[in-house]
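[1] no sequence on this one, just coordinates:
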């Protein structure tokens, strides 16, 4: 029995084990991604969005917030192997949006601002309503 035939026999025996390890590793990575998404939603976003109801965002600031969020999501979900070349690559923005089911950070800010606007009009405040001052202008 030569080296090549022994190697082929060993490879055939290890192939199912390697496949199982790859599946477990993929499950582990998926589980870690879920935990990281929960941390992102419960800790990072509230800190970043603190007081966002009173912000007036320019288009440049909206873009910078989206870039920040995409960077965080790329760290959460990690790289992906390209189907064609087999090399590792960054996830594209559309892939990030598909993996992360929540609305993007700019949309969350706009929702919070609309909710705050409703609260201001309930107190009789106008467009210049300031949170914490009872709706006075």
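    Yes, it's here. All values derive from a computational prediction rather than experimental measurement.

[2] domain parsing for this protein?
    1-34, 65-125 (automatic domain parsing).

[3] any low-confidence regions in the chain?
    Scanning the chain with the threshold set as pLDDT under 70 gives 1-30, 118-137.

[4] can you pull out the strands in it?
    For the chain, strands defined by DSSP state E occupy the ranges 80-81, 88-89.

[5] what's the first one packed up against?
    Same thing as strand 80-81. The contact analysis (3 or more C-beta pairs under 8 Å, 6 or more residues apart in numbering; DSSP states H and E) places strand 80-81 against strand 88-89. C-betas here are computed from N, CA, C, even on glycine.

[6] got a list of contacts for the strand it packs on?
    79-82 (C-beta atoms under 8 Å, 6 or more residues apart in numbering).

[7] likewise for stretch 39-59?
    Contacts of stretch 39-59 with the rest of the structure, by C-beta under 8 Å, 6+ apart, involve 65, 68, 72-73, 76, 102, 105-106, 108-109, 112-113, 115-116, 130-131.

[8] kindly recompute the last result at 10 Å.
    36, 61, 63-65, 68-69, 72-73, 75-76, 100, 102, 105-106, 108-117, 119-120, 129-132 (C-beta atoms under 10 Å, 6 or more residues apart in numbering).

[9] just to revisit the earlier point, which one of the contacts of strand 88-89 is nearest residue 95?
    Closest approach to residue 95 among the contacts of strand 88-89 (C-beta to C-beta): residue 80, at 7.3 Å.

[10] contact partners for that closest one?
    So residue 80 contacts 88-92, 95, 99 (C-beta under 10 Å, 6+ apart).

[11] and the gap between it and residue 100?
    Residue 80 sits 14 Å away from residue 100, going by C-beta to C-beta, to the nearest Å.
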